[in-house]
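S.K.: dropping a prediction and its sequence here:
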Amino acid sequence: MASALAHAEESPTVLPKVRATADAESYSTPFAAATKTDTLLRDVPQSISVVTRQTMNDLNMQSIGDAVAYVPGIGMAQGEGNRETPVIRGNSSTGDFFLDGMRDDVQYYRDLYNIEQVEVLKGPNGMLFGRGGVGGLINRVSKQADGQQVRDITLQAGSYDNKRLAVDVGQGLGAGLAFRVNAMYEDSESYRDGVTLERYGINPTVTLQASDATTLTFGVEYFHDERVADRGVSSYLGRPLNVDPETFFGDPARSPTATTVKMANALVEHRFSDTTVLRSRFRYGDYDKFYQNVFPGAVNAAGTTVQISAYNNDTQRQNAFNQTDLIFTIDTGAVQHNFLTGVELGRQETTNFRETGYFGDATSTQVPLSNPRTASPITWRQSPSDADNESTAKIAALYVQDEIVLTPKWNIVAGLRYDNFKVDLTNNRTGAKFSSTDNLLSPRLALIHKPVETLSLYASYGLTYQPRAGDQLASLSATNESLDPEEFTNYEIGAKWDASPSLALTAALFRLERANIAIPDPANPDTRSILVDGQRNQGIELGVTGSITDQWSIIGAFAYQDGEVTRDQSATVLKGSRLAALPKNTFSLWNRYDFSSTWGVGLGIIRKDDLLAATQNLAPNGVNVTLPSFTRVDAAAYFTFSDRIRAQVNIENLLDKDYYQFAHNNTNITPGSPRAFRATLTTSF
């Protein structure tokens, strides 16, 4: 190794990878970086889905929403058209995002230009990641400088004036040094009238093999995303409005959203031996997020006008985190212990400022349903309830996990994390100060049985918390600052089978319970709240990823979920209510078949049952608003002209079906895209 690093001109510099990822041309991978250990996915006792780089390329995935389309047990909500909002096992979140295992929790749209794989961990993950992640979380694994020579330029064009350029360049420089640069620029329009998108990013990384045992990695990223905040269409008599999918409600010209992200990352890894490694990660992130939207509300009883409202919001956040892990193995007689121990320290400083849009003296206006745009003058000022606050969150955590190999057929995983999580919030409008301190203990326990080497059966238990500050650290008030955090408990049994070295099948049966929900005290509803156990989701998830033959690759997912409110929580959220954005049954299947080394085709199907736009028994117009079930077919064709030139065409919604993609609430519902094409050309040099 030392010789190879010293003489890069004789052979490519290949540095040891910090994290194992998938083969370059595979839909499956044996590892997930989020586990922090080199345990095979097959032996991890929880449901984890990994979307590899090849999967992202073949399906032309460019966002988190794209990446989870074929993952069981997860969907997306609208997020008011300014952020990604995954719904994992019935729980929506805008903050449960991680990059290389560290928090990336501001509300924005992430791009996949610099990502090697996307990992979706389902069920609470408090032991590994601390607070939040109540239904699960999403971890992106970034591309790193590993010494391999990379020279890729990708050009894309498609429907609705889609234009995109991506560059991936890297190589070894000798003397143990390697670099890699990923960059992207996109300028596109949309099937939605007046909706535009411009984004760009650059992410250089450098890796230094300081010695045979020590690796240093450094990287920075600058990313900017600017688009129109699109909150879709309203509803009437329990269904989304039947209008042309391009129809914009409100005013796109006064609905901008923009995010600028600046990150600096460092990693130090030292291997004391083959079984002992020390790994320390550092990250500083600076986030600047603004959005403004002029958006629809309820349709009047006669079905002739629709309410239009407006507001804007500015968020500034600075994150500083360090995670230091020591991973080692100890043998005690015939029993092997694989330990993960770690410390996490963090500080998050956030400011939020919101203004309401006033139409004269009113906070809304009515426009004809036949022409739901508005050009009415709007003045922006704070209402009595608009946020003007600043907060500081401090995190200090210790955790330990032991993977106990009792015999070749029986393993136990036991772990415990302690978090001291403190939030101080100041309301600048009133001068009021709020504070909460939570000392959280997050356990994990699982039993694994391996009747044969390629099959693991497991039963697991996990617990995580959502402090009252919320996943955006802005929810503290006089009413809730003294309340215990919400608790989410997951019980799961499952099976993972590597049917072949390139094909993995998974099954999980789970029950996720939510406790410590704050509701008004019936004896004193104006001034007191009480905590109740109020939500449950249970179901089954099935997944398949990999290759059936050398020519045929596949991704498949099925999920059945039964989520409901188990206790009255308000006048409209009553016992028995179905959870929002949670279809009972979802099914997806993608196939790629290569007829030869020069060309192949892809075909996919996505099926979702109907779902509620909001968790409640009584919508504003007197009925529940339901998004109808739908089936969408996608397709692709692939062409390899030479080792240096590759091309593909992706078609979304091949049969041009009308459907509704997702919702934010009863009056913000996004129609799905009509048939759309994207053509991509990749050159390697």
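M.R.: Everything's here; your move. Numbering: from 1, shown residues only.

S.K.: going forward, measure contacts and count neighbours with C-alpha atoms only.
M.R.: Noted.

S.K.: ok, how many other residues are close to residue 514?
M.R.: Other residues near residue 514 come to 23 when the count uses other Cα atoms under 10 Å.

S.K.: cool, residue 516 as well?
M.R.: By other Cα under 10 Å, 19 other residues sit near residue 516.

S.K.: next one: residue 377
M.R.: By other Cα under 10 Å, the residues close to residue 377 number 9.

S.K.: what of residue 376?
M.R.: Counted by other Cα under 10 Å, the residues lying close to residue 376 total 12.

S.K.: buried residues, stretch 645-663. List them.
M.R.: 645-654, 658-663 (16 or more other Cα atoms under 10 Å).

S.K.: who are the packing partners of the strand ranked longest in the chain?
M.R.: When the chain is parsed with DSSP state E, its longest strand is strand 305-332. Strand 305-332 sits against strand 276-299, strand 335-358, strand 364-368, with contacts defined as 3 or more Cα pairs under 8 Å, 6 or more residues apart in numbering; DSSP states H and E.

S.K.: nearest to residue 496, of the ones you listed?
M.R.: strand 335-358 (20.6 Å; Cα to Cα).

S.K.: find the nearest non-adjacent residue to residue 573, please.
M.R.: Counting by Cα to Cα, 6 or more residues apart in numbering, residue 573 lies nearest to residue 616, which is 4.4 Å off, once chain neighbours are set aside.

S.K.: the one you found contacts residue 569, doesn't it?
M.R.: No - contact between residue 616 and residue 569 fails when scored by Cα atoms under 8 Å: they sit 9.7 Å apart.

S.K.: between these two, who's got more neighbours?
M.R.: A direct count of neighbours by other Cα under 10 Å for residue 616 and residue 569 places residue 616 higher, at 24 against 18.

S.K.: quick check, pLDDT for that one.
M.R.: Here, the pLDDT recorded for residue 616 equals 82.

S.K.: check contacts around it.
M.R.: 572, 573, 574, 577, 578, 579, 624 (Cα atoms under 8 Å, 6 or more residues apart in numbering).

S.K.: going by neighbour count, which of the residues you listed comes out on top?
M.R.: Using other Cα under 10 Å as the neighbour criterion, residue 578 leads the contacts of residue 616 with 26 neighbours.

S.K.: if the closest residue in space to residue 197 that isn't next to it in sequence is in a bridge, with which residues?
M.R.: Using Cα to Cα, 6+ apart and skipping residues adjacent in sequence, the residue nearest residue 197 is residue 227, 4.3 Å away. Going by DSSP bridges, residue 227 is paired in beta bridges with residue 197, residue 257.

S.K.: can you tell me how far residue 227 is from residue 673?
M.R.: Distance, residue 227 to residue 673, using Cα to Cα, to the nearest Å: 17 Å.

S.K.: looking at the two, which one has more neighbours?
M.R.: Each of residue 227 and residue 673 has its neighbours counted (other Cα under 10 Å); residue 227 has more, 23 against 19.

S.K.: and the more buried one, how far from residue 254?
M.R.: Residue 227 is 11 Å from residue 254, by Cα to Cα.

S.K.: what do you get for residue 97?
M.R.: 29 Å.

S.K.: over to residue 628?
M.R.: Remark: distance between residue 628 and residue 254 (Cα to Cα) = 30 Å.

S.K.: quick one: the helices in the stretch 101-250 of the chain?
M.R.: 126-129 (DSSP state H, counting those that start in this stretch).

S.K.: what ranges does it have for its strands?
M.R.: Using DSSP state E, counting those that start in this stretch, the strands of the stretch 101-250 of the chain run over 102-103, 115-122, 136-142, 150-158, 162-174, 177-189, 196-209, 214-228, 235-236, 239-240.

S.K.: just checking, what packs against the fourth one?
M.R.: The reference is to strand 150-158. Helices and strands touching strand 150-158, by 3+ Cα pairs under 8 Å, 6+ apart, are strand 162-174, strand 676-684.

S.K.: please identify the deepest-packed of those strands.
M.R.: strand 162-174 (a mean of 21; mean count of other Cα atoms under 10 Å).

S.K.: direction included, what does that strand pair up with?
M.R.: When pairs are called by DSSP bridges, strand 162-174 turns out to pair with strand 150-158 (antiparallel), strand 177-189 (antiparallel).

S.K.: quick one: that strand to chain centroid distance?
M.R.: Its chain's average C-alpha position is 24 Å from that of strand 162-174, according to Cα atoms, centre = their mean, to the nearest Å.

S.K.: same question for stretch 552-560.
M.R.: Stretch 552-560 sits 19 Å away from the centroid of its parent chain (Cα atoms, centre = their mean).

S.K.: tell me which residues touch residue 585, please.
M.R.: Neighbour list for residue 585: 558, 559, 560, 561, 608, 609 [criterion: Cα under 8 Å, 6+ apart].

S.K.: which non-adjacent residue is nearest the residue nearest to the spatial centre of the chain?
M.R.: Nearest residue to the geometric centre of the chain (Cα atoms, centre = their mean): residue 138, 4.1 Å. Nearest residue to residue 138, sequence neighbours excluded (Cα to Cα, 6+ apart): residue 120, at 4.7 Å.

S.K.: related to what we said a few turns ago, who's more crowded, residue 97 and residue 254?
M.R.: Set residue 97 next to residue 254 and count neighbours by other Cα under 10 Å: residue 97 wins out with 25 against 18.

S.K.: the more buried one contacts residue 105, correct?
M.R.: Yes - counting by Cα under 8 Å, residue 105 is a contact partner of residue 97 at 5.5 Å.

S.K.: residues in contact with residue 482?
M.R.: The neighbours of residue 482, taking Cα under 8 Å, 6+ apart as the test, are residue 436.

S.K.: where's it relative to residue 451, distance?
M.R.: Using Cα to Cα, residue 482 is found at 49 Å from residue 451.

S.K.: now the element after the helix or strand bottoming out on mean pLDDT in the chain, going C-ward?
M.R.: Across the helices and strands of the chain, the lowest-confidence element by mean pLDDT, DSSP states H and E is helix 2-6, at a mean of 36. Beyond helix 2-6 on the C-terminal side, the first helix or strand identified by DSSP states H and E is strand 48-52.

S.K.: skip ahead from that following strand and say which helix or strand is next.
M.R.: helix 53-58.

S.K.: counting by contacts, list what that next one packs against.
M.R.: Using 3+ Cα pairs under 8 Å, 6+ apart: helix 53-58 touches strand 115-122.

S.K.: the strand it packs on pairs with which strands, parallel or anti?
M.R.: Strand 115-122 has these strand partners (DSSP bridges): strand 48-52 (antiparallel), strand 136-142 (antiparallel).

S.K.: partner strands of the longest strand of the chain, with direction?
M.R.: Counting by DSSP bridges, the strands paired with strand 305-332 are strand 276-299 (antiparallel), strand 335-358 (antiparallel), strand 364-368 (antiparallel).

S.K.: what mean pLDDT does it have?
M.R.: Strand 305-332 comes out with an average pLDDT of 98.

S.K.: please apply the same query to stretch 96-115.
M.R.: Mean per-residue pLDDT for stretch 96-115: 97.

S.K.: wait, what's in contact with the residue nearest to residue 35 when sequence neighbours are not counted?
M.R.: Leaving out its chain neighbours, the residue that sits closest to residue 35 by Cα to Cα, 6+ apart is residue 128, at 7.6 Å. Neighbour list for residue 128: 35, 399, 417 [criterion: Cα under 8 Å, 6+ apart].

S.K.: then residue 268?
M.R.: Contacts of residue 268 by Cα under 8 Å, 6+ apart are 214, 215, 216, 217, 279, 280, 281.

S.K.: at 10 Å instead, please
M.R.: Residues in contact with residue 268, defined by Cα atoms under 10 Å, 6 or more residues apart in numbering, are 18, 207-208, 214-218, 278-282, 324.

S.K.: fine, thanks again, bye for now.
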